[in-house]
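Enquirer: Sequence first, then the predicted structure:
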There are 2 protein chains.
Amino acid sequence: MRLHGYFRSSAAFRVRIALNLKGVSVEHAFRHLRRNEQIAPDYLALNPQGQVPTFETDSGDVLVQSLAIIQWLDETFPDPPLMPGNSLRRARIMAFALSIAADIHPVQNLKVLNRLRSMGHDEKTVMEWAAWINRDGLAASEKLIAEEAGPFAFGAAPTLADLCLVPQMYNARRFGVDVTAFPRLLIAEKAALALPAFDRALPQNQPDAEN
Amino acid sequence: MRLHGYFRSSAAFRVRIALNLKGVSVEHAFRHLRRNEQIAPDYLALNPQGQVPTFETDSGDVLVQSLAIIQWLDETFPDPPLMPGNSLRRARIMAFALSIAADIHPVQNLKVLNRLRSMGHDEKTVMEWAAWINRDGLAASEKLIAEEAGPFAFGAAPTLADLCLVPQMYNARRFGVDVTAFPRLLIAEKAALALPAFDRALPQNQPDAEN
């Protein structure tokens, strides 16, 4: 199995955490987004969206979209489960994951920020945009788990929710967001980063990491 | 059960289709987004993100995020299945759904377009932004099912993929995108709209519809 990623991609970061939690080893290939390696013809043949991550299974099937890859991993390697519980619980976990993976991340990815730059906005305005959607979105995510027992987003073990949360908190800080406004998210993040599966997946711990 | 929606919300549109396909009747409540009814205190108490849709179950549980609501509906009312097939098939369906629900829709929703307006962009530029992300995103979605037998996105029956596709095609046209560039998506859309479950869910067929 092979994961095509980029150290700083929060979508690839989610998949790295899932693989680590499942104890599944894969080959890692790196695509440098700022050098546009994700739009090279050989990569577009794998992933027509020109995004990371892309996942290749042992049977040569190609999967795209981090949450779809994680769903496949969770069904193929069920232990530990990343979407545990009854339907209501699973819907809550999925809603939290989407509050990040749909409502925050795509609005601040490189493609959107580059579009803002091409419209003539300076770097300060572009960073303000990224900070805005992180601040606004994480405030909503915080409310979704405010009543949830911790320490993780949903109880005593990490779920898909935490796989989305930790990379987004990393992004939020990078864009200058004051994350102390989200005490419940910080509790979940702290519990997650105490686990080697999360720590080893951090951008700075990847072979392709740069300053 | 009660669905809080808005006729033109493509996320609410997805849930309406799911309910129709499952043959599940619910009470409909309407939140007028352009009148900011989604940020009224009573609604924020239900849905802290101030988004539609919100779904209330018969036991009084509140669910948010269209794909999480649809997941709950699909597990609670399994016939017909919206995520059929083996893990690989399910991952492909989910990836297509996310290519729309994560990569297109959140980048062109009212909140983002209003942010662009507040940055001083005129209506032409805002519409160009919305058209750009629809055109770019749907081109990728098209490639994800280019090799799939039709007529639906994934085979002979509608899936979660079609629930995301039909509302996004509606949006794309509204923003002036030339959808003839996406012949495979048009085949799937046509098959879907021939079903009453999709037709009855169209924005113009809702009680709160306006011109």
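Expert: Yep, it's here. Residues are numbered from 1 along each chain as shown, chains lettered A, B, ... in the order given.
Enquirer: Pull out the buried residues from stretch A:51-66.
Expert: For stretch A:51-66, the buried set under the neighbour-count rule, 16 or more other CB atoms under 10 Å in any protein chain shown, comprises A:51-57, A:63-66. All C-beta spots, glycine's among them, are computed from the backbone N, C-alpha and C.
Enquirer: between those residues, which is nearest chain B?
Expert: Distance to chain B across the buried residues of stretch A:51-66 (CB to the nearest CB) is lowest for residue A:65, with 3.9 Å.
Enquirer: That closest one - nearest residue in space that isn't next to it in sequence?
Expert: Closest residue to residue A:65 apart from its sequence neighbours, by CB to CB, 6 or more residues apart in numbering or on different chains: residue B:95 at 3.9 Å.
Enquirer: Tabulate the CA atom coordinates of the top helix by length along chain A in PDB.
Expert: Selection of the longest helix in chain A by residue count, based on DSSP state H, yields helix A:123-144. Below are the C-alpha coordinates for helix A:123-144, written out as PDB (Å, rounded to 0.1, in the frame of the first residue of the first chain):
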ATOM      1  CA  GLU A 123      -0.300  38.300   2.100                       C
ATOM      2  CA  LYS A 124      -1.800  40.000   5.200                       C
ATOM      3  CA  THR A 125      -5.400  39.800   3.800                       C
ATOM      4  CA  VAL A 126      -4.800  36.200   2.600                       C
ATOM      5  CA  MET A 127      -3.700  35.200   6.100                       C
ATOM      6  CA  GLU A 128      -6.700  37.100   7.700                       C
ATOM      7  CA  TRP A 129      -9.000  35.000   5.400                       C
ATOM      8  CA  ALA A 130      -7.400  31.800   6.600                       C
ATOM      9  CA  ALA A 131      -7.500  32.900  10.200                       C
ATOM     10  CA  TRP A 132     -11.200  33.900   9.800                       C
ATOM     11  CA  ILE A 133     -12.400  30.600   8.600                       C
ATOM     12  CA  ASN A 134     -10.400  28.700  11.200                       C
ATOM     13  CA  ARG A 135     -11.600  30.900  14.000                       C
ATOM     14  CA  ASP A 136     -15.200  30.900  12.900                       C
ATOM     15  CA  GLY A 137     -15.200  27.200  12.100                       C
ATOM     16  CA  LEU A 138     -13.400  26.000  15.200                       C
ATOM     17  CA  ALA A 139     -15.900  28.000  17.400                       C
ATOM     18  CA  ALA A 140     -18.700  25.900  15.900                       C
ATOM     19  CA  SER A 141     -16.700  22.600  16.300                       C
ATOM     20  CA  GLU A 142     -16.100  23.500  19.900                       C
ATOM     21  CA  LYS A 143     -19.800  23.800  20.500                       C
ATOM     22  CA  LEU A 144     -20.500  20.400  18.900                       C
END
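Enquirer: Tell me which other helices or strands the helix or strand following it touches.
Expert: Along the chain past helix A:123-144, the next helix or strand (assigned with DSSP states H and E) turns out to be helix A:160-174. Applying 3 or more CB pairs under 8 Å, 6 or more residues apart in numbering or on different chains; DSSP states H and E, we find helix A:160-174 packed against helix A:10-22, helix A:66-76, helix A:87-101, helix A:123-144, helix A:183-193.
Enquirer: what's the closest of those helices to residue B:83?
Expert: Comparing the helices and strands packed on helix A:160-174 by their distance to residue B:83 (CB to CB), the top pick is helix A:66-76, with 9.1 Å.
Enquirer: Many thanks, we can stop here.
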